[in-house]
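[1] sequence first, then the predicted structure:
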Amino acid sequence: MNYSVFSLAKHALSKHQRWPRAWRNASPKKHYDVVVIGGGGHGLATAFHLARDFGVRNVAVLEKGWIGGGNAGRNTTIIRSNYGLPGNIGFYELSMKLWERQEQDLNYNTMVSQRGIINLYHSDGQRDAYARRGNAMRINGIDAELLDQNQLRKMLPFLNYAHARFPVMGGLLQSRAGTARHDAVVWGYARAADRLGVDIIQNCEVTGFVRENGRVTGVETTRGEIGAEKVGMAVAGHSSHVARMAGLKLPIESHVLQAFVSEAIKPLLPGVLTFGAGHFYVSQSDKGGLVFGGDIDGYNSYAQRGNMPVMEDVCEGGMALMPMIGRVRLLRQWGGVMDMSMDGSPIIDRTPVGNLYINAGWCYGGFKATPASGLCFAHLLAKDESHPEASLFRLDRFRRGALIDEKGVGAQPNLH
Amino acid sequence: MADIAHSPAALKRAEAEAAAKPRARGASQARRLAGGGLIDRQKPLSFTFDGKRMSGFAGDTLASALLASGVGLVARSFKYHRPRGVLTAGPEEPNALVELRTGARLEPNSKATTVELFDGLVAKSQNRWPSLRHDVGAVNGALSPLFVVGFYYKTFMWPPKAWEKLYEPAIRRAAGLGSASGVPDPDHYEKAWAHCDLLVVGSGPAGLSAALAAGRAGARVILCENDFMLGGRLLSDAFEIDGRSGAEWAQGAIDELAGMPNVRIMPRTTVFGGYDGGTYGAVERVGDHLPQPSEHQPRQRLWRIVAKRTVDASGAIERPLVFPGNDRPGVMMAGAVRTYLNRFAASPGRRVAVFTNNDDGWRTAQAVLAAGGEIAAVIDPRGVPEAFRMAAAGWRVIEGEVVGTKGTLDALTSVEVADARGGVVTVPCDVLAMSGGWNPAVGLSSFHRGRPVWKDEIAAFVPGKCPTGLTVAGAAKGDLSLGACLQEGFSAGAKAAVEAGLSGSPGEPAQAADEPVAVRALWEVKAPGKAGQKAGQKAFVDFQHDVTADDVRLAQREGFESVEHLKRYTTLGMATDQGKTSNVNGLAILAEAKGEKIPETGTTIYRPPQVPVAIAALAGPNRDEHFHATRLPPSHHWAAKRGAVFVDVGLWKRAQWYPLAHEKDWLESVNREVLAVRNGVGFCDVSTLGKIDVRGRDAGAFLDRVYINTFSSLAVGKARYGVMLREDGFVMDDGTTSRLAEDHYFVTTTTAKAGPVMQHLEFCRQALWPELDVQLASATDQWAQFSVAGLKTRDLLQNLVDPAEDLSNEGFPFMAAREVKLRGGMRARLFRISFSGELAFEIAVPARFGGSLAENLMQAGAAFGVTPYGTEALGTMRIEKGHAAGAELNGWTTAGDLGFGKMMSKKKDFIGRVMAGREELQRPDRPAVVGVKPLNPADRLRGGAHVLPRNAKLGPDTDQGFLTSVCFSPVLGRWIALALVARGRERHGEVVRIYDPLRNGDFEAELCNPVFYDPEGARQRG
Amino acid sequence: MAEFAWDAAPPLGGVFVAGRSGAAAGSPGVRLEERRGLSLVQVMAHRGKWPAVEAAAESLFKAKPPARPAALFADRATLVWSGPGQFLILGAGDGFADPLAPYAQAFREAASLSDQSDGRALIRVSGRHARDTLAKVSSLDLHPAVFPVGAAAATSVDHTNVGLWRAPDAADGAPVFDLLVFRSFAPSLWERLAASGAEYGVDSAAGDFSEAA
Amino acid sequence: MRINCPFCGEREIGEFSYLGDAAPRRPAYAAEGPELAPEAEEAFFDFVYLRDNPAGEMREHWYHGGGCRAWLVVTRNTLTHEIRTTEPAPGAGASERAA
Ligand SMILES: Cc1cc2nc3c(=O)[nH]c(=O)nc-3n(C[C@H](O)[C@H](O)[C@H](O)COP(=O)(O)OP(=O)(O)OC[C@H]3O[C@@H](n4cnc5c(N)ncnc54)[C@H](O)[C@@H]3O)c2cc1C
Ligand SMILES: NC(=O)c1ccc[n+]([C@@H]2O[C@H](COP(=O)([O-])OP(=O)(O)OC[C@H]3O[C@@H](n4cnc5c(N)ncnc54)[C@H](O)[C@@H]3O)[C@@H](O)[C@H]2O)c1
Ligand SMILES: Cc1cc2nc3c(=O)[nH]c(=O)nc-3n(C[C@H](O)[C@H](O)[C@H](O)COP(=O)(O)O)c2cc1C
Ligand SMILES: [Zn+2]
């Protein structure tokens, strides 16, 4: 049954006693055409597109905990397509286009909110670097504008222009960027995939691979063995761990990124803002909390919690940029475990192991990728060839040197 | 040290005096008890709430003062805008939130129950319009049948564009509670570090006992108390310890601790988080109890406390009961009622009904009587507990449950009670004190992800695996009774002292009886039969977010069965009270709906901060101009005197250009500086370049391994340009290195990479090649190093150096480097290197003489019109000269891309050599540095513009590169640029399209040799 | 050609005015002093040559150099540990004479020397609130039992490297700490120290190293 | 987090910077001549890019750049952040080792 204001009214009459489950509580079948490991945004979106666009409906998504319990459920929800390098540009724009019709695709209000993102610059060099990026976007038909300080003062009068340690000179604006309600994205894909017949199996951890002469034929799980023609892993943060079960070593490290939210306050910030002279970016959730974050903690970690120096560093950035938030209180602090790849860009590819496919290395930027990642991974799983927009996210690019290193810092994950 | 003015005893004293004198009692404080309490009746304070003037006493919180003044309605809830009153007496308060203070000091969402009253305090109710009593938002309540949990996920989807335009703005306006000031926070904040053997969190009986035991044993103890008064529940309850009243015992303990030099007592200090390595975060509210912080003092101070051991004695939080109408003003926590009566001498109401499922609630009835109040009834599904048989004689006791409440907007008039037989009686009363049992405060003990475990005896979760070094004591551990708290706290403190290696005697623990604490879980009142129909009010679980028991069940039916899904779907526990009163009730109701046991359902994850913390406190002094330190080069003061314009380069402030009075813009100044150099002579402070002394027998061999070219072969007295790669084969940094002695090289790096290169060299030395004898020292700040450039350079320097020095081309050839004597007895280093392409030297003297060097260069060059120049002119000349710099060394370029391919030695191992050989790094169509000249000299180039094939169609495949460095070349009289362009080296002379839509640039230009100026390099060798 | 004058500009010249700042009541709780006119030589032992370094140091100072974090107050100079196999020789210097000269011979075989005389500024923090002031900038535990006279540390303050050691107590028994910071950072550090001490009352001064005890 | 520098004692994490896994060893190869053996490229690829990324104990490189400038090898648990040992890198404090 479709969600709409009418169905709401209808159910109000029956005191909301009759709402169906958003997705079935499925238990594992013996065998599937495709098993997707990981019930995060990417895994669920992959299942959805397999079922809807490629007619592959005998699909299971295996989640070790509760769906969305990983990074999909703990990210700062920024969506944007303001990348500057071939490989990324087209892919993230594909994703942005999918975001723009997501509510209709899923019949679920994921609150995609295109309130815009502004990356601030504080020096001529930084301005030119953003100009390079923005121009690359425009060449690819993506919206981008370079704001000077006057334009910025009109849009963001509350920034610290008067007493800035590093002058706030302007910013790169992408108006179509914004945020989406992260949990809703997970639930929306789950419900839509479920309605197409996909089994979403929670509390089902993959503990190993079943292999016949080198090729994967299924997975071992905490809920028994499950056979599969093909297995796709989308286990962000735990990719090395799962890949090791198949004897693979990846160009990936697991790092913690923290995020913070303030007490809910009345509307204060228009869109998404990133500080160019420190580690701080922020937006305001529909609930009213300032949602902000900064740099990763900087050392390998699976602890899913952060430390104090980064929290202080982020708040220093916040106060340097907008001292008006000083008396707003920080309500909660958390962390997520992410795949940090060696060039800061993702991997969507086959693996050297037959029937095993990988979707990994999303670093701190994979939420915005969710729709396109799902579509492209589904494409790869269904057709055994890369989607055109994901054709550079290859596993062997590190060996060949075809790196996609937006930051230009090289093979050191904690610097990306 | 403890703020003695606010210690219980001091206030008792003050009160005695007060009793003697005629009452100094705030006229409007109708509900203030005639006597008792730990408030200072000698210090009346006045404040306003929603513009209405009221009064209270020192020692009050805003909440207690409001109650004493008879204010029942203080706030509106988040979603349905329901009228709400004060529920608790602590940081767990979900209802009584106000906008505190005004203007730039406005603090939204301040909990009236934790705000310490001060004279002139101004508070405003929030999330209501036009007023607290008449709030149109209340219609949401009427619409609640539609606004069920999760409703917005199911609608607002059409038309697609309407979300940003229509629905979202409306939702956002409705959401949020208070407003931020919108202007910079005017107060100062500080950070500090503290170290101790034992950190004690909380100053109740458990905390005080722990501090006493450890302190007596000689341990360095820090005792942090969130409240402005120490004592915890001892301030609220009529306890007896060692034959004295609890409050008196607490005062004794505080006095003893205050007398110990090894103990630091920190009131108004909240330990908000525990992090790795025994590091705890705490916020000290230095000036929040004052109208504004006193001079030279911060508003708040962030403490990083490093503790060998920690005792978490943060107590327990009382649980509301979930029954229809439980959110009405006048319904309060039973423990809070005792706090208001005993500590604040403020009566929430005369006629009190108690609804409890545990023995502690009954003690509220006793407290009410003791305070001269009246017991309307005690309602307990268990009937009268054994322990209270005597006391309860003559009380109206109903074995049953409350199933509804009646009252006005701001007061309770009666409660509906369903008795055991299903009959419903109406009990008139103006306060309902409820107690659902106590939840140990498991926050701090769970922040390292140890999951709390269920304890049936107290029907609550208690700490599970605790962070290393932390032990829990008292109510926080689930030992709810006083005797146990004292004992537990004491032994925890004594143990910590021993573990910290102290042998002193902890003395004796204090003694007290254990009060009854029996409880029978009651997660939700389900009114039987007849009462069922009668009720029909909402039963709230999360008061602030208006999450009801029905909402919990609806979420469960829709499949949000994981407790984490429940939280995210209903927002239960996500309000400013962090679910302190709602989490456990919510998950218990979920467990029942799922037919699970509570421990199976489990808790959500506990995260810091334990209570919300002001963002400014976490930033401390690092804001505004002090966000980061500032580095000043040796000529800074001199340049400032000349009116230089400065630019931030990393942390450095460098002179960007030196404007003259008549010059109309920066370009005019920069052009003048460039031409002055090219036609005469000028100088520029380049001290910010990284400088590293590389010494030791194997210094040469070492540099051979870190540079692509060879340095062991460099002659003493010579300099050589070098390029370093990262191990992945891309360029890391470049610079000139001079050999000053057999075993002494002087390496320079780019300003930006000085730190990273030093770290890299140390790694190579210590981790990769320990066998080499190499020593490294940073000399960046040691030398004032200026570049002196231009035709007349030699003439100028001849004036400055000792006559004995030979600066002729033979005596001091290109790329020579050595020590020289200067007139006036100064020693200096002279390097004949050129960034500008002119005849140039770099001259270095000890940094303290940087100012003098500038003066003396001016003097020595006066005859030649010597001109100081800044970073802009420096950049212009290097671009004219085609030197790659920061913008070209962007982390994506190989030595080949930059034109240094031939420098890469094939005879030795060096960092990055192997990976630089990868196919993609060798492709012929890689970008290369080229020069760019607009066909029309009037066209202005801009950094970041892209290079496309002439009349190309826009699209992914047409992008061929971009402009990295741009300047106006005064010698060529036009804008020129360096660019990284695919196959650039082969394309000199080709016309391309320069595309810069961001700045409306779109014109044609010619690719050319990047060396625009003096390609043969005759001038620098001249 | 006229002669050229070379005036030494101290790292904190023009950054502060000597005298009282912050809280004005009572006697100042903390004293900040820039100690000017340094000679500072970093000694870095060659591979395996620590014993030889000790010998050389003893010949010069009649004392073993610190092999672990410590500051040693010899009669001709103060020796401060600055890292494994490294220490600083701190004395008075006018910047004209080559600071390495007096030591080059003795350490020739044993160690590399690097002139740091102009690379650092020396700030002395003393007074009854010296510890409270430093607690706001330093993460070290400066409790007397943990950080006695002669204790030293290579540490950082506000993300900047700082050498910190405890000198003998002042006449009034108040503790005395010396902070050695990179010259270009000195003004920022000074300002942070002055702000941190403000609530106790600050007395700022400049002194010549050779004069100070 | 706090790291116990073998030279300085226990210090807060802000004084240190992180490099990563200390297990991969920089390969030796025959550097003479223009053409390198293909194995060299394989070995370096492994060294530069591939990581075990264990969930548990890991030996890793930390730099006490905000202190004594020694490189350290720290054994740390990536699940709990507990540190078991800290040792100097082979060349740190080399002056005290035999030449
Ligand atoms: C604090 C933070 C802020 C972020 N902010 C942004 C942002 O603003 N914008 C943005 O674009 N990106 C952001 N990201 C990154 C983004 O969240 C991730 O890249 C993205 O969510 C990863 O894809 P996913 O949703 O599939 O991952 P996840 O949600 O982590 O899904 C992976 C799932 O795999 C499951 N799993 C793991 N191992 C197994 C196993 N053996 N068996 C079964 N299941 C398993 C996990 O339980 C998890 O549910 C942020 C990340 C963090 C941590
Ligand atoms: N009879 C019962 O059912 C029952 C139930 C609960 C408590 N009690 C009584 O309550 C008392 C419990 O003693 P206790 O010492 O364990 O707890 P307590 O409640 O007496 O003291 C805890 C103290 O810790 C402070 N605190 C909490 N979190 C803090 C933080 N993060 N930072 C700084 N301070 C913080 C609180 O402000 C409070 O003052 C006993 O007297 C006991 O009899 C009785
Ligand atoms: C966009 C966003 C908004 C959030 N808003 C709130 C909030 O208003 N209140 C709250 O308690 N937590 C909020 N959180 C944090 C969550 O409670 C939770 O901490 C986070 O999703 C990580 O999950 P975990 O803490 O259970 O590991 C928010 C998280 C996100 C990503
Ligand atoms: Zn160290």
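    Noted; the coordinates are in hand. Residues are numbered from 1 along each chain as shown, chains lettered A, B, ... in the order given. Ligands and ions are numbered 1, 2, ... in the order given.

[2] show me the strands in chain D, by range?
    Across chain D, reading from the start of the chain, the strands by DSSP state E fall at D:2-5, D:9-12, D:17-21, D:57-63, D:71-77, D:83-88.

[3] can you lay out those as a markdown table showing mean neighbour count?
    C-beta coordinates here come from the backbone N, C-alpha and C atoms, glycine included. Formatted as a markdown table, the strands of chain D follow (neighbours: other C-beta atoms under 10 Å in any protein chain shown):
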| stretch | mean neighbour count |
| --- | --- |
| strand D:2-5 | 20 |
| strand D:9-12 | 19 |
| strand D:17-21 | 18 |
| strand D:57-63 | 20 |
| strand D:71-77 | 21 |
| strand D:83-88 | 16 |
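
[4] could you dump those strands to JSON lines with mean pLDDT and distance to B:Phe78?
    Supplementary listing: these in JSON lines, determined by pLDDT from 0 to 100; distance: least, C-beta to C-beta, whole Å:
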{"stretch": "strand D:2-5", "mean pLDDT": "98", "distance to B:Phe78": "40"}
{"stretch": "strand D:9-12", "mean pLDDT": "98", "distance to B:Phe78": "39"}
{"stretch": "strand D:17-21", "mean pLDDT": "98", "distance to B:Phe78": "42"}
{"stretch": "strand D:57-63", "mean pLDDT": "98", "distance to B:Phe78": "44"}
{"stretch": "strand D:71-77", "mean pLDDT": "98", "distance to B:Phe78": "41"}
{"stretch": "strand D:83-88", "mean pLDDT": "97", "distance to B:Phe78": "43"}
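
[5] so which of those comes closest to B:Asn951?
    strand D:17-21 (48.0 Å; C-beta to C-beta).

[6] that older thread, mind putting the strands of chain D in a markdown table, distance to chain C included?
    As requested, these are arranged in a markdown table below (distance: least, C-beta to the nearest C-beta, whole Å):
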| stretch | distance to chain C |
| --- | --- |
| strand D:2-5 | 9 |
| strand D:9-12 | 5 |
| strand D:17-21 | 11 |
| strand D:57-63 | 12 |
| strand D:71-77 | 10 |
| strand D:83-88 | 7 |
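
[7] distance to B:Asp648 added to the ones you listed, as a markdown table?
    Formatted as a markdown table, the strands of chain D follow (distance: least, C-beta to C-beta, whole Å):
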| stretch | distance to B:Asp648 |
| --- | --- |
| strand D:2-5 | 32 |
| strand D:9-12 | 28 |
| strand D:17-21 | 23 |
| strand D:57-63 | 26 |
| strand D:71-77 | 31 |
| strand D:83-88 | 36 |
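
[8] show me the one of the ones you listed that comes nearest ligand 3.
    Shortest separation from ligand 3 across the strands of chain D is recorded for strand D:71-77, at 19.6 Å, computed as C-beta to the nearest ligand atom.

[9] list the residues that contact the residue nearest to B:Leu290 when sequence neighbours are not counted.
    Spatial nearest neighbour of B:Leu290, chain neighbours left out: B:Phe118 (6.0 Å); criterion: C-beta to C-beta, 6 or more residues apart in numbering or on different chains. Under the criterion of C-beta atoms under 8 Å, 6 or more residues apart in numbering or on different chains, the neighbours of B:Phe118 are B:Leu45, B:Phe47, B:His289, B:Leu290, B:Pro291.

[10] who wins for most neighbours among those residues?
    Of all those, the most densely surrounded is B:Phe47 (22 neighbours; neighbours counted as other C-beta atoms under 10 Å in any protein chain shown).

[11] hmm, back to that, among the contacts of B:Phe118, which ones lie close to ligand 3?
    Restricting the contacts of B:Phe118 to those touching ligand 3 (C-beta under 6 Å from any ligand atom) yields no residues.
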